[in-house]
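1. missing the sequence, but the structure's below:
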């Protein structure tokens, strides 16, 4: 069964909490937001990179998706491991497994993600 | 006489000139810290050099410490500065990030086209753009770029380094790690400084020719009691207790000198004769001791354990068939005889030591004070040991006569139980007679021993550098040591030192290495400031001098120059600075004008007083005056005086 999880940045904790697609969709329509979804498990280096990059930056909401199938409506075909969103329902940047495991790359990608005009 | 006076004048001139010669010294370097000694006086503040010779007697001396500019011990180092700067930057970033998060939460509108949203997004983009690169720069700054460093960097930013992992808080994790690093660096820096710094203390001593050396209280550096506030009356005639004591001592000393001069004048005596007479007295004292102590009659050879008399007394003591009175008398007699014999044996030992000393003295035949000093110095330990044993040996002597009477009474109680022929064996007549005679002579012996002991202790007295140590020991306090980087200001209040003008003050700034395991470090250096206390500017001075006075009227005897003593009060002016020739010349000459009261010896009365005016040069070394003999028809007289004590005092100070 595919799952979606996130962290409660307001509490300052890295503990995972369950989330829904509705939560993700809700975040994507917020006026000021950067969303990063990592596809994998919580023990992957990619999730480690996602959390750390979120900590260095401001207003990044990280999601951990167990399966890309949850995100098909946004990414279509392909098998990206990291997806960067700004406001709206179009992903800005897609990262492969190697890129998603590199914290600096993830951080730079999120920081450079521009809002769609 | 005229020739002698000329010689004395020449000697006084020479010594006075030598007194004014300065011998500047340069202070040794003390790494990491330097000090300054400041005189705070009525006319300003002045820095003392080690060559400074005089301070105002009413001033405070302050000792200030400061680190040298070139010190490296206190430098925190590049690592410390880097960590401190980075921590400050991190705190700034954390504050910026928190502010942006709060703004996001409190956005007044959700309209993406609103200015507030656009503006906030722009600022978040700016922050994030900077954050995209900054962590790597910090990683590089901290030198964590190689493989191991990168692992450590991850440990730090994730919070795993101290077991508090929280990857969404990299700023806080890094700040916590830096804080720990700074604590470590600070501790290392303190250890570094402590290992390389020195400790300091300040000690002060008051040295008076008349009352010896004593330790003075230094604020911040000891617990010696501070004295009473007794400033010296600068121009008035009120005397402080210390001045009164000094004046009385000077008058007494000058009386003694004047008396000696009168004897020289009247009897043409010679010093060699004086010393010969004193040596003869010492020889006689030793002779007397030997003759009193070393007689065959005190060699009581009886064995009080195995002789028939001793056995008989022991048997009587234990014989249950005898009366209690007899048994007790026998027991007491046995114990009393043994005790008396032990004491007399002790005295014999002392007698043998005195005999050895006396024989040595006879063989050495000292004919001068120098010979005597040399002889006693070579046998100083023997003499001291002999005198120590004398104290024990002589203590019971006054009790002897009564104890012998008790023994005789016990013999009477025993009566026929103890044969008369045994009496003499047990308590010989010679011993009885020695006890009677010696006890009668005992005070003389004790006096002779005391004379010797006094003489020995005077010769052994340490008047040199040991005086300061003695003064510290007398004060019964340990100096307080401060680390150089924590050295407090030291202060000596001369107005509480109980000093009189002319007394010396020694301030010692001592540096030592830090100790380890409670063991004090070695002394690195001592810097001594030895100054004479004087009154600067216009001031008065009380003094006493030997004068040679001559009547201007009366018979031929009154017209003779005769040595006497005058107490004087003179007013002087001393320039603090000696920048010009005039100032130097004035201070060198140090003229004074004043009044005097003299004891004279011109008329028929045994006690004569004269009073008048006087002038002095070289701070009282040479004086002249005119006055009237109040006890001899107010005949006028003139005098000139030589401040021999002043000269000696200054000479001692100058050449110390």
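-> Right, received. Where do you want to start? Being a predicted model, the structure only gives us computed values, none of them experimental.
2. from now on I want contacts and neighbour counts done on CA atoms only, so please keep to that.
-> Noted.
3. all the strands of chain A, residue numbers only.
-> Taking DSSP state E to define them, one finds strands in chain A at A:4-7, A:16-18, A:34-39, A:60-65, A:82-85, A:91-95.
4. rebuild those as CSV, extending it with mean pLDDT, distance to chain B and mean neighbour count.
-> Converted to CSV, those look like this (pLDDT from 0 to 100; distance: least, C-alpha to the nearest C-alpha, whole Å; neighbours: other C-alpha atoms under 10 Å in any protein chain shown):
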stretch, mean pLDDT, distance to chain B, mean neighbour count
strand A:4-7, 94, 9, 21
strand A:16-18, 94, 12, 13
strand A:34-39, 94, 10, 26
strand A:60-65, 94, 10, 24
strand A:82-85, 93, 14, 26
strand A:91-95, 87, 15, 19
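5. format those strands as JSON lines; extra columns: distance to residue A:24.
-> What follows is the strands of chain A, written out as JSON lines (distance: least, C-alpha to C-alpha, whole Å):
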{"stretch": "strand A:4-7", "distance to residue A:24": "9"}
{"stretch": "strand A:16-18", "distance to residue A:24": "11"}
{"stretch": "strand A:34-39", "distance to residue A:24": "8"}
{"stretch": "strand A:60-65", "distance to residue A:24": "8"}
{"stretch": "strand A:82-85", "distance to residue A:24": "10"}
{"stretch": "strand A:91-95", "distance to residue A:24": "12"}
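6. mind checking which of those strands is nearest residue B:113?
-> Closest approach to residue B:113 among the strands of chain A is made by strand A:34-39 (16.8 Å; C-alpha to C-alpha).
7. partners of the closest one, with directions?
-> If you go by DSSP bridges, strand A:34-39 pairs up with strand A:60-65 (parallel), strand A:82-85 (antiparallel).
8. so which of the ones you listed gets nearest residue B:85?
-> Short answer: strand A:60-65, nearest of the strands paired with strand A:34-39 by C-alpha to C-alpha, at 27.5 Å.
9. contacts for the closest one, please.
-> A:2-7, A:9, A:33-42, A:47, A:50-51, A:54 (C-alpha atoms under 8 Å, 6 or more residues apart in numbering or on different chains).
10. could you dump the strands paired with strand A:34-39 to TSV with distance to residue B:356?
-> Output for the strands paired with strand A:34-39, formatted as TSV (distance: least, C-alpha to C-alpha, whole Å):
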stretch	distance to residue B:356
strand A:60-65	106
strand A:82-85	111
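11. could I get the average pLDDT for stretch B:171-185?
-> In this model, stretch B:171-185 carries a mean pLDDT of 90.
12. identify each buried residue in it, please.
-> For stretch B:171-185, burial by neighbour count (16 or more other C-alpha atoms under 10 Å in any protein chain shown) applies to B:171-178, B:181-182, B:185.
13. out of these, who's near chain A?
-> Of the residues in the buried residues of stretch B:171-185, proximity to chain A by C-alpha under 8 Å from any C-alpha of the partner chain holds for residue B:171.
14. keep only those of the buried residues of stretch B:171-185 that are in helices.
-> Judged by DSSP state H, the buried residues of stretch B:171-185 include B:171-178, B:181-182, B:185 as members of helices.
15. is the helix ranked longest in chain A in proximity to chain B?
-> Criterion DSSP H: the longest helix present in chain A is helix A:45-56. Yes: if you take C-alpha under 8 Å from any C-alpha as the test, helix A:45-56 does meet chain B, through A:48, A:51-56.
16. please name every helix or strand in contact with that helix.
-> strand A:34-39, strand A:60-65, helix A:97-101, helix A:103-112, helix B:170-196 (3 or more C-alpha pairs under 8 Å, 6 or more residues apart in numbering or on different chains; DSSP states H and E).
17. closest to residue B:40 out of the ones you listed?
-> Nearest to residue B:40, of all the helices and strands packed on helix A:45-56, is helix B:170-196, at 32.4 Å by C-alpha to C-alpha.
18. what kind of secondary structure is the residue in the stretch 351-500 of chain B that chain A sits nearest to in?
-> Nearest residue of the stretch 351-500 of chain B to chain A (C-alpha to the nearest C-alpha) works out as residue B:485 at 41.8 Å. Secondary structure, DSSP: H, G, I helix; E, B strand; the rest coil: residue B:485 is helix.
19. can you count the residues close to it?
-> Here the number of neighbours of residue B:485 (other C-alpha atoms under 10 Å in any protein chain shown) works out to 19.
20. among the residues of helix A:45-56 next to chain B, name the buried ones.
-> A:48, A:51-56.
21. which bits of chain B sit near chain A?
-> For chain B, the contact set with chain A under C-alpha under 8 Å from any C-alpha comprises B:97, B:100-101, B:104, B:110-112, B:117, B:120-121, B:124-125, B:127-129, B:131-133, B:157-158, B:166-171.
22. rerun at 6 Å
-> B:110, B:112, B:128-129, B:132, B:166-170 (C-alpha under 6 Å from any C-alpha of the partner chain).
23. quick one, which of those are buried?
-> Applying 16+ other C-alpha under 10 Å to the residues of chain B next to chain A flags B:128-129, B:132, B:166-170 as buried.
24. can you give me the helices in the stretch 51-200 of chain B?
-> In the stretch 51-200 of chain B, the segments counted as helices under DSSP state H, counting those that start in this stretch are B:77-105, B:115-131, B:134-141, B:147-158, B:170-196.
25. packing partners of the fourth one?
-> Counting contacts by 3 or more C-alpha pairs under 6 Å, 6 or more residues apart in numbering or on different chains; DSSP states H and E, helix B:147-158 packs against helix B:170-196.
26. what's the longest helix in chain B?
-> helix B:324-364.
27. tell me how far that one lies from the chain's centre.
-> Computed by C-alpha atoms, centre = their mean, to the nearest Å, the chain-centroid distance of helix B:324-364 equals 43 Å.
28. all set now, cheers.
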